[in-house]
Each structure stands twice: as C-alpha cells, then as structure tokens.
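# Below: sequence and its predicted model.
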Amino acid sequence: LWCNKMAVKELPAREANLFKKIARCYEEKQFRMGLKHCQKILSTPGLSNHGETLSMKALLLNATDKKQEAHEFARLGLRNSVTSHVCWHAYGMIHRSDKNYAEAAKCYKQALRIEKNNLQLLRDLSALQIQMRDLQGYSESRRNILTIRSSQRGSWLGYAVAEHLRGNLDLAVIILTSYEHTLDMPPRDETDLLDVGELSLYKTSLLQELGKLEEALEYLKASTKHITDKTAVREATLQLLTGLGRPEAVAMAREMFGKNPDNRDYLLGLEKAMGLANAEPEKRLAFYQSLEKEYPSSRVLRRVPLTLATGPLFETIADDYLRKGLRKGIVSLFRSIQSLYTSPEKPVIIEKLLRGYVANLTAHKKFDAAPSSSEELPSTMIWTLYALAQHCDRVGDYEQALVQINAAIEHTPTLVDLYMIKAKILKHQGNFAEAAKVMDVGRDLDTADRYLNCKAVKYFLRAGDIAKAETLAAMFTRDGNNDPIAQLSEMQCTWFEMEEARALMKSGATGRALKKLHSIDAHFTQYIDDQFDFHSFCFRKMTLRAYIRLLRFEDSLHGHKYFVRAALLAIETYVGLHDKPFVLEAEKAAADSLEGLSEADRKKALSKQRKAAKRAEAQAAPQEAKKGEDGKGEKKDTDPDGLLLAKTATPLEDALKFLRPLLVHARDNIEVHLAAFNIYSRKQKPLLMLQALVRANGLQPQHKRLIEARAAFLKLVETEGKKWDPKVVAAIRHEVTTSEAFKSSGVDLAKLF
C-alpha cells in the first residue's frame, strides 16, 4: 500500500494495523468502514492530530463527495505533518479530483522533495503534467521513472513519447532503439507479437517524421515479419517509397488500389506515386479513364473525373454518372456532386441533364428518346425528381424546388426522403413552421427511426415550438426517466442543447439559453478531462500511435464547430446583457409598485419584500438540503431557469471565458475576431480592439460587419483618442495608416491623427 510505510512507524501496533486497513478500505472503495477506522485512531489519546490519518480521512471524505470537509482535514493533516509525503500526496489527489491540476501538481512536487524516488508519486505527477501539456516537466518525470524502474516497458515508452511530444525526435528514436535491445526476439506469444508490431510501426512513424525515409524503409522491411497489421505495413511502405521516388511505389500502389478500388486515399496514393498529383487536368483525366476500364465497379473512379472535366466532356461524364445513380436509387447521389457547384458552368449542365431526364421519362419512360434505349423502372422517375429538387434548392430556386418535390411526393407519397427534402427547402425559404410540419409528416411514416425523430426535433426548435420538440426528444430517452431533457444533457447531446439554446434566446428565455450553452462548455471540458485515464492505459495496451493522435485531437478540441457555435452565441448573449441587464418580471413589478410612494412607505414596502424573500428561502432550505442517508442523493438544480447566470454582475468577464479558447483554436473564423472586438470595445481596450480588427482584416477584409467595426473604431479614435496614452495612439496610427483595409474606409486618416 502506497501510503502506510512512513505512517506506520509512528503508530503503536494496534493503530498501525488499523492504518493499513484504512488504506485497504480506500483502495477497495469501502469508504464508510475506512472512516470508522480513522475515527478509532484519532480517538486514541495522543493521536488526535496524527497527520497521515487525518489525510486519509480527507481522502475518504472526498470519495463520499464531502469536498469541503475533505479540504479541511487535508489542510489539518498537513499542519500536523508538513514533512510527510503522504499528506502532500493525499492533498494532491483531492485537488486532482476537483480538476485543479495545477495545485495537485504543486502538492506532488512538494511530496517528491520529501520522497524523491517514490514511483507512484512520479507516475501521478507525470499524468498531471501531460494533462496540462507541461511537456518539459513531463519529460523530466518520465526520465526519472525510467531511471528508477528501467525494467518496465512503460518506463521506456513513456520517456520516448515525452521526447516525441517535445519535438526531440532523434532522442525518441534512440530511446526506442535502446528498449528494442532488451526485448526477447522472436516474440514469445501473440500478445508480445502485437506489442512488438505496434512498437515497430511507431518507430517507423518517428523516422518518417524526422525525414529519414531511407532508414525508415529499411527498418520497416526488417520488422515486417513481427508486425501483424499487414495493411498498416503496406500503407507505410507506400508512403516511404513514394517519398523516396522509387519506381516500385507504382506497382505497390496499383496492388493496394486493386484490393480496394473504392478507397479514395489509395487512388490519390497511386496518382502521387505516378507523379500525376500536380499534373494538368487532362493528363489526370486520361489516367482515371484508363483506370476505370480495369475497375468498372469503382465509384471513386466515376466521381473524381467530374472534378477535373469541363465543357462537353464534363457533360458526357456527368450524364453517365447521373444515369447510373438514378437507376440504382442512390439517395446520396446529389450530395456526392454538391462540391461541383463552386464552378459556374457545371450546375447549368447538371440542370440541363436533370430536366432532360424528367421530360423524357414523362414522355417516353426513358432517359432519352432514342429507340434503342430501354424503358426505366417507375422508381427512376422519383429519384430524378428528387435530385432535380435538390439542385433547384442548391441554386436558390426554391419555387421550382417545391414544384419538383411535390411532384415526387404525388408520385410516391410514402417515401420518407421526399418529405425531408421538402422540409429542407421550406427551411431555406425561411418558413420554419411549415418546414417543421412537413418533417413531422415524414417522421410519422417511420416512428421507430431515431434519425427522423432527431431531424423533426431540430425543425420544431427552429420553428420556436420548444414544447413539441422536447416531447419528441423524450420518445427516445430511457423509459421511466422523470426528466428526459436532463437525460439528454447527461448523454452530452450537444446538437440538441445548441438548437434549444437558439430557440430559447429567440423566445427571450435568456437564463435557460445560457444554461444550455454552459452545459455544452461543460461537455467539452469533460472530453478534455476524459483523456486522463489514457495517459497510463495507452502504455499498458501499447497503442502509441493512437495515443499521439488522441493528444493532438484533444489539443484542437475547442476548435470544434459545436463549441465555436455555442461560444459565439454565449458571447453575443453576455454582450447583450452588458448593454441591457436582465431584470425579472417580479422585480420590475416590485419596482413599479414603489413608484409614487413616500420615503416612509417605500421603506416599509422594501422591508416587507425582504421578509417575504427570507421566508421563501427558509421554506425551501430543508427541501434543498435533503438527501439520501448515505449522502448519495440526487443533487437538485437550484437554478433551473438560469436566473443566476442571466443576472451576472460581470457579463463581459463571462464572455471572455468563452472567447479565450476561440482565439487559440478558431483563429481562422472571422466571427471570433468580431466577437472579440465587441467585447473589447465595451471594456474600452483600444489596442485589443485594433488587434481584433487586424486579424479579421487578414481573413475577409470586405466582410459587412467588419467594415462597420472599422468605421466604429475610427469614430472612437476621433472622439476619445485625445484621452488615451500617446504611445497607444502612436501604435494605432502606425497600424491604421499602413493598412489597406483602413485606407479604403473613406476616412481622412491624415486629418484623424
């Protein structure tokens, strides 16, 4: 047990045995029994201030969710045994459970000053350091672990990964090579074989990242017999051969594409191996057409030429592609060609083809009027109208889109996909209420389909019918749950909370909307916290490449579209609350009732209101405090309507909490910098306002709201600039007078400064 070596020496035999039981109870999660043992030791004369026992009691209280008492006992334990590494370790564990990683790391470092070679402390500290991305500290901790316990695989791998993350790739390769010399070769069993294979692939990726392609290829060839993931070996070998410009790369790329002709990455790999990645479109197109003869069933070979071809050739290829998709009734056919609509000519050709199909199918039941062509199935007409409706919707011709989709519904009124597209068209028209009704009709055709139900929920939220949306959402939550909406939050259903927050904002329920947005923020915080357990798991299970990908994904998590949308809406809401503070209807009524009263009557009325509020609090307190006997009762939400959030005294500071991660992870989004400008303008921070404008100018200098922001900033300089520090004005003058975006604002900058 990690915590009883030092403490036992200070205790009599009976209490020493009790202390061992306490540690065992904590590890086996018998917290009640552990607390009883703690009480027995602390009630012994002369041991009431035994620091390690107090610290263990703090850990047990923390495990039973008594956080405040846990911190008090942990501090008391430290005061009585400040030189005990057990007390510092326990206090660090309590901080870690509170997600206060910085304070936990401080406690662990203090414990290590006392007990320098404590392996458990070093492991716990290293996990905190990588969680906080303290890469230098993490490297030092992993090196110390390797020094103490060089016989364990995790010690070597942890140090190698630490140096990899720090960018010391050469050292990481040296560490892995040194570790390989300690392995028994060949591997003894299947588990060892898998581990050795993963190690080889990880080392290959390091060499490739270093640019040592030749060395990586030779190492991979020598290690292939120990690697069970042959697909990964082939993919890595192809990348290396292509990078080296070897002619055998072409044969390998062809072999891999032949095994999976629908894999786009393999096709691009073949193209790169043949040196066609940057070739003229005509050459690439000829290559694809020749390859299609070998693999006529490949969908990717039929789709890629549509991007390269133009003019009559595009029309020929598109005609063949569309006919095959419509005959098969491929629902995602239009989605597969949607990226072509960035070209001005291709949408025109697609519309010409689709309208021709509809006309010929109506008149001849064929795609064309040629006598040699055969008749198409009746379902082909449905999918052609379906595709044409999507095309019209995409180009903004909503009236024609409705005409086509209504014709398809009249042809086959039981096809769910038709109602989904009609609802989408109505949504694009701005008719959210009718769109929700149409989507609900489609949902009724298949009430067991969760996807349809979710789409209907989203449409009703956008239509502002929150009650109907919540009723539908509850259909697919756990039976018997008293609060299905709370369950959706528990399941981290981010899209629902985002849509409901928007609907609540439109309805004026600012507090509830903020509750949803803070809930989304909590989800992303939880995603980041969830990586903690993987810091040790991935070394045990030898998933090193996946672990590196996980860390890099987590580092960019706050750039995810759902967080960006939620954060921007939260910032907009808080800025609005700064401009117009939230006031309850009851408070408005109370304030109105005091108007016209004398000073004495006003004091009496205010006294009555305060007394009434105190009585209400006193009546609610027992119910709020009531929990289960063991302290595990459900915590009741004391602010279900988010009134405390809406009545914040520091709305701009709250907005900044959402803005900071966006400035790091979503810097390519102009809305982020416009939001920053709105906050800093209200905080009267001219340099930060200018910084936001400069960053936005680098993205979309002609953005409408950015033009307005630049004009507002120049107006502010004109009216308030004389009050600012001369150094601030000089910095603004230099940036503004040298910026093309500001020069085109129509303001006489020379006169302004």
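Sure, I can see it.
# Quick check: the closest residue to E375 other than its chain neighbours vs S379, distance?
Nearest non-adjacent residue to E375, counting by Cβ to Cβ, 6 or more residues apart in numbering: K365, 4.6 Å away. Every C-beta, even on glycine, is put in place using the N, C-alpha and C of the backbone. Applying Cβ to Cβ, to the nearest Å, the value for K365 to S379 is 12 Å.
# Repeat that for G311.
32 Å.
# who has more neighbours, those two?
Neighbours of G311 and S379, each counted by other Cβ atoms under 10 Å, are more numerous for S379; the result is 15 against 10.
# Kindly provide the distance from that one to F73.
Separation of S379 from F73 (Cβ to Cβ): 73 Å.
# for A474, same thing?
From A474 across to F73, the span is 43 Å (Cβ to Cβ).
# These two - which one has more neighbours?
F73 (26 against 16).
# Now that one: which helix or strand?
Taking DSSP states H and E as the criterion, the element that holds F73 is helix 67-80.
# can you give me the mean pLDDT across that helix?
The average pLDDT within helix 67-80 is 93.
# can you check stretch 380-393 too?
pLDDT averaged over stretch 380-393 gives 96.
# ok, and what's touching it?
Under the contact criterion Cβ atoms under 8 Å, 6 or more residues apart in numbering, stretch 380-393 has outside partners 322, 325-327, 329-330, 333-334, 347, 350-351, 354-355, 357-358, 361-362, 398, 400-402, 404-405, 407-408, 411-412, 415, 417-418, 421-422, 424-425, 428.
# Only alpha carbons, please: show that stretch as CSV.
This file holds the C-alpha atoms of stretch 380-393, laid out as CSV (Å, rounded to 0.1, in the frame of the first residue of the first chain):
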residue,chain,number,x,y,z
THR,A,380,-36.3,6.1,-61.6
MET,A,381,-38.7,9.0,-62.0
ILE,A,382,-39.0,9.5,-58.2
TRP,A,383,-35.2,9.8,-57.8
THR,A,384,-34.8,12.1,-60.8
LEU,A,385,-37.4,14.5,-59.4
TYR,A,386,-35.7,14.1,-56.0
ALA,A,387,-32.3,15.1,-57.5
LEU,A,388,-33.8,18.0,-59.5
ALA,A,389,-35.5,19.4,-56.4
GLN,A,390,-32.2,19.3,-54.5
HIS,A,391,-30.5,21.0,-57.5
CYS,A,392,-33.0,23.8,-57.5
ASP,A,393,-32.7,24.2,-53.8
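# roughly how far out does that stretch sit from the chain middle?
Mean C-alpha position of stretch 380-393 versus that of the full chain (Cα atoms, centre = their mean, to the nearest Å) differs by 35 Å.
# Can we start the residue count at 864 from this point?
All right, first residue 864 from here; so that's stretch 1243-1256.
# Sort out which residues of that stretch are buried, please.
Residues 1243-1256 are the ones in stretch 1243-1256 that count as buried (16 or more other Cβ atoms under 10 Å).
# Which residues does the helix or strand containing V1266 contact?
Using DSSP H and E, V1266 sits within helix 1261-1274. Residues outside helix 1261-1274 that contact it (Cβ under 8 Å, 6+ apart) are 1221, 1244-1245, 1248-1249, 1251-1253, 1255-1256, 1278, 1281-1282, 1284-1285, 1288-1289, 1291-1292.
# Starting from it, tell me the next helix or strand along the chain.
Next along from helix 1261-1274, by DSSP H and E: helix 1279-1292.
# The next helix or strand after that following helix packs against which elements?
Next along the chain after helix 1279-1292, taking DSSP H and E as the criterion, comes helix 1295-1308. Counting contacts by 3 or more Cβ pairs under 8 Å, 6 or more residues apart in numbering; DSSP states H and E, helix 1295-1308 packs against helix 1279-1292, helix 1313-1325.
# how about helix 1295-1308: buried residues?
For helix 1295-1308, by 16+ other Cβ under 10 Å, it's F1295, E1297, A1298, A1299, K1300, V1301, M1302, D1303, V1304, G1305, R1306.
# do the same with stretch 896-911
Buried residues in stretch 896-911, counted by 16+ other Cβ under 10 Å: M896, G897, L898, H900, C901, K903, I904, L905, T907.
# where does this protein dip in pLDDT?
Applying pLDDT under 70 to the chain flags the ranges 864-873, 1048, 1342-1344, 1447-1461, 1464-1469, 1471-1498, 1607-1616.
# Let's see the next helix or strand after the helix holding F936 as PDB, backbone CA atoms only.
Following helix 930-943 in sequence order, the next helix or strand is helix 948-960 (DSSP H and E). Below are the C-alpha coordinates for helix 948-960, written out as PDB (Å, rounded to 0.1, in the frame of the first residue of the first chain):
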ATOM      1  CA  HIS A 948       4.900  13.000   1.700                       C
ATOM      2  CA  VAL A 949       1.700  11.000   2.400                       C
ATOM      3  CA  CYS A 950      -0.100  14.200   3.500                       C
ATOM      4  CA  TRP A 951       1.100  16.100   0.400                       C
ATOM      5  CA  HIS A 952       0.200  13.200  -1.900                       C
ATOM      6  CA  ALA A 953      -3.300  12.900  -0.400                       C
ATOM      7  CA  TYR A 954      -3.900  16.700  -0.700                       C
ATOM      8  CA  GLY A 955      -2.800  16.500  -4.300                       C
ATOM      9  CA  MET A 956      -5.200  13.600  -5.000                       C
ATOM     10  CA  ILE A 957      -8.000  15.700  -3.600                       C
ATOM     11  CA  HIS A 958      -7.100  18.700  -5.900                       C
ATOM     12  CA  ARG A 959      -6.900  16.300  -8.800                       C
ATOM     13  CA  SER A 960     -10.400  15.000  -8.200                       C
END
